[in-house]
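Engineer: Structure of the sequence below:
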Amino acid sequence: MQSDRPIFVIGCPRSGTTMLQLMLHSHPRIAVPPETRFVVPGYYRRFSFGDLREERNRRRVGRWIVSDKDTKFKELKLDGDRLIDDIVAGPPTLGSAMGITFRSYAEQYGKSRWGDKRPSYYHHVDLLLRLFPDAQFVHLIRDGRDCVASLKEMPWYTKDVFHAAVNWSEAIDYGRRHAKKLPADSYYELRYEDLTAYPETELSKLCDFLGEDYDPAMTEPYHVARVAIPQHKVWHSNTHGDVTTARAGSWKARLEPWEVSVCETVLADRLTANGYELSGAPKASKAHVEACEKAASKRRWARRRKEIRDRVNRFREPSPVAARLTSRQLGELAKV
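Structural biologist: Predicted structure coming up:
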């Protein structure tokens, strides 16, 4: 039986996740839409929807996904009224409502399996598994110095180099945890540099993990860039061309010497553990190291508070959240 498990692409922002999204979207069975913003926000506001075993509350979820200005539903180019009706007719769980949305996106391309890409999902894996218990996660890792160099050039990134370095370190640390905790058939890592240098080999291995046959079209993702990447996202312009290794190591020309020192001082162990050689830059100043530590501490405590609140909230959920759509999900439900 061919797999229908959801696929989530994760990684530090600017690590090549959009390219990987397009590669997967080029597969004849898989559809991965442009980034939306209803999965994590919808989970945290689940209490406002009420008990989804009631039809009117499922309709409320559908209307929120379709109508809220922050969900980016319009990027999917789906019929909103039809989707709401499908959610109402579907299983009474939040994961099902969201899964039906992604499944509808896949169906408009004649595909039977869906995925989702959002770099920040790397620290929401536990949340995603609550919604989609049989999900598979693909973590794309790129040289942290290249990620920092690219992040600081993005029009939407308002933080500084210290936050950018911490962002990459978090993605790596979360990846280590996921690799230890998740089953081998649920979590997979690959490097951006290997993917761009040997796309056929790396994509073949990825397809083996996903339980899919490799398709050569995956090495030419630019063919689907026009339909899968919104035009206003000009920072993804490189995805409209051939897969190339030209951007690997570009940090050497894009980072200031002191920024290289920050990256190689703060990220040294993580860089070398993932196969990235250090340049031998001088150690960063104490003030710069402390700036990174401060940024890391602030992010860590903000997440910790949110996690504690969510654990408490789980005891009073109005209805189940796990999706009931895939063969594995339905199989587990039948055992109960």
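Engineer: Does the nearest residue to Arg316 once chain neighbours are set aside belong to a helix, a strand or coil?
Structural biologist: Spatially, and ignoring its direct neighbours in sequence, Arg316 is nearest to Phe47 (8.0 Å; Cβ to Cβ, 6 or more residues apart in numbering). Every C-beta, even on glycine, is put in place using the N, C-alpha and C of the backbone. The three-state label given to Phe47 by DSSP: H, G, I helix; E, B strand; the rest coil is helix.
Engineer: okay, Phe47: pLDDT?
Structural biologist: For Phe47, the pLDDT comes out at 95.
Engineer: is it true that it touches Pro318?
Structural biologist: Yes - at 6.5 Å, Phe47 and Pro318 qualify as touching, with contact defined as Cβ atoms under 8 Å.
Engineer: of these two, who's got more company?
Structural biologist: Using other Cβ atoms under 10 Å as the criterion, Phe47 and Pro318 rank with Pro318 on top: 16 against 10.
Engineer: hmm, who's touching the strand or helix carrying Trp168?
Structural biologist: Per DSSP states H and E, Trp168 falls inside helix 161-181. When contacts are defined by Cβ atoms under 8 Å, 6 or more residues apart in numbering, helix 161-181 is touched by residues 10-13, 15, 119, 122-123, 125, 137, 139, 141, 144, 147-148, 151-152, 157, 159, 187, 189, 259, 262-263, 266-267, 270, 273-274, 288, 291-292, 294-296, 299.
Engineer: hmm, try it at 7 Å
Structural biologist: For helix 161-181, the external contacting residues (Cβ atoms under 7 Å, 6 or more residues apart in numbering) are 11-13, 122-123, 125, 137, 139, 141, 144, 147-148, 151-152, 187, 189, 259, 262-263, 266-267, 270, 291-292, 295-296, 299.
Engineer: try stretch 48-58
Structural biologist: Arg60, Val61, Ile87, Val88, Pro92, Thr93, Leu94, Ala97, Pro318, Ser319.
Engineer: Tabulate the residues you listed (TSV), appending pLDDT.
Structural biologist: Shown next, in TSV, are the contacts of stretch 48-58 (pLDDT from 0 to 100):
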residue	pLDDT
Arg60	98
Val61	98
Ile87	98
Val88	98
Pro92	97
Thr93	97
Leu94	98
Ala97	98
Pro318	89
Ser319	90
